[in-house]
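Asker: predicted coordinates and the sequence they were generated for:
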Amino acid sequence: MKTISVVVPCYNEEENVEALADGLRNLFKKDLQNYEYEIIFIDNDSNDNTRDLIRKLCVDDQRIKGIFNAKNFGQFNSPYYAMLQSTGDCTILMAADFQDPLDMVPKFVKEWEGGYKIVIGIKKSSQENKLMYWLRGCYYKMIKKLSNVEQIEQFTGFGLYDKRFIQVMRELDDPTPFLRGIVAELGFRRKEIPYEQQLRRAGKTSNNFYKLYDAAMLSFTSYTKVGLRLATIFGSICCAVSILVAFIYLVMKLMYWDRFVAGMAPLLIGMCFLGSAQIFFIGVVGEYILSINSRVMKRPLVVEEERINFKEVQDEA
């Protein structure tokens with residue numbers, strides 16, 4: 001009998017973990033009774049009652065497993081690490097807040113049995129804030145155009161991944177993994193299934209502007225060269241324009257030395273413009289350097305504080 005692993009990242013989800021565990025168990029009992037399952041909750045250093053509830057679930061059902069991180073390792077490392085700890089024939093990644101519909105799971109499994117190694121959910125609509133959904137859509141379209149690697153629009157990571165792809169993820173040894181880009185760049189032939197993203201069942205989202213910006217920059221620096229190329233091209237154009245303007249001023253001054261007064265205004269405007277442009281592109285280059293630095297340091301994806309119901313400790317990714 002095949003085993004399906006379900007990975008659920010958690011951060012302050014005390015109002016959702018028990019309901020989600022019950023929903024998944026009922027789903028396997030009703031629609032996927034021919035499969036064994038394991039549910040892996042990975043807690044990213046919650047400061048509410050989430051860990052106690054996960055412990056209780058693990059005691060009541062040995063097929064539910066828990067990983068508790070020593071601290072918060074971010075929204076990308078934690079779920080990626082948990083996927084590497086899965087032992088099933090396929091692994092499903094889904095959110096703890098019910099924004100990823102449970103009824104998508106049987107659809108994923110059906111397509112997987114049909115031969116697809118990767119089956120993912122694509123948000124075609126969302127019950128979240130309309131402005132945020134529109135902004136996300138604009139960002140996905142921009143990255144898709146700028147990247148030299150195919151990018152998947154409105155894909156959050158929600159989907160099913162065959163154990164062969166999980167092995168590819170293990171062999172990457174990337175300390176700053178971006179799953180959405182990895183699926184697009186290195187994934188097998190995939191099936192995309194549209195769905196409507198639901199509202200959070202309970203609790204508050206931990207996403208804020210900084211986390212969304214961090215996600216955007218990780219994608220931008222990992223899969224586009226346009227920032228560096230734009231800096232080079234813009235710098236070259238400014239250099240050419242500056243030389244041309246300087247030559248014109250020199251000619252004008254030589255021809256009309258007693259009447260031509262350049263003044264300080266053009267000089268100040270030019271200095272402010274070029275200074276602002278330099279600061280902007282230094283920031284862009286800094287984002288690339290930060291990404292490189294994170295990869296060169298080769299730090300672990302996460303550091304575990306505790307794990308529950310794992311029969312043997314697997315090698316840390």
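Answerer: Good, I have the coordinates.

Asker: which stretches of the stretch 101-250 of the chain aren't confidently modelled?
Answerer: For the stretch 101-250 of the chain, residues meeting the criterion pLDDT under 70 lie at 127-133, 135-136, 140, 142-149, 201-229.

Asker: any idea of the mean pLDDT in the host helix or strand of residue 8?
Answerer: Secondary structure assigned from DSSP states H and E places residue 8 in strand 3-10. This predicted structure assigns strand 3-10 an average pLDDT of 96.

Asker: next: stretch 279-298.
Answerer: Per-region confidence: stretch 279-298 scores 72 on mean pLDDT.

Asker: which residues does residue 63 contact?
Answerer: Contact analysis of residue 63 by CB atoms under 8 Å, 6 or more residues apart in numbering lists 36, 37, 38, 39, 309. In this view, the C-beta of every residue, glycine as well, is placed from N, C-alpha and C.

Asker: of these, grab the buried ones for PyMOL.
Answerer: Here is the PyMOL command that selects the buried residues among the contacts of residue 63 (16 or more other CB atoms under 10 Å):
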select buried, resi 37+38+39+309
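
Asker: out of the contacts of residue 63, flag the one nearest to residue 247.
Answerer: Using CB to CB, residue 39 is the member of the contacts of residue 63 that sits closest to residue 247, with 70.8 Å.

Asker: for the closest one, give the beta-bridge partners.
Answerer: With DSSP bridges as the criterion, residue 39 is bridged to residue 6, residue 64.

Asker: isn't it up against residue 66?
Answerer: No: between residue 39 and residue 66 no contact is recorded; they are 9.4 Å apart, counting by CB atoms under 8 Å.

Asker: against which helices or strands is the strand or helix carrying residue 253 packed?
Answerer: Following DSSP H and E, one finds residue 253 within helix 226-255. Helix 226-255 sits against helix 265-297, with contacts defined as 3 or more CB pairs under 8 Å, 6 or more residues apart in numbering; DSSP states H and E.
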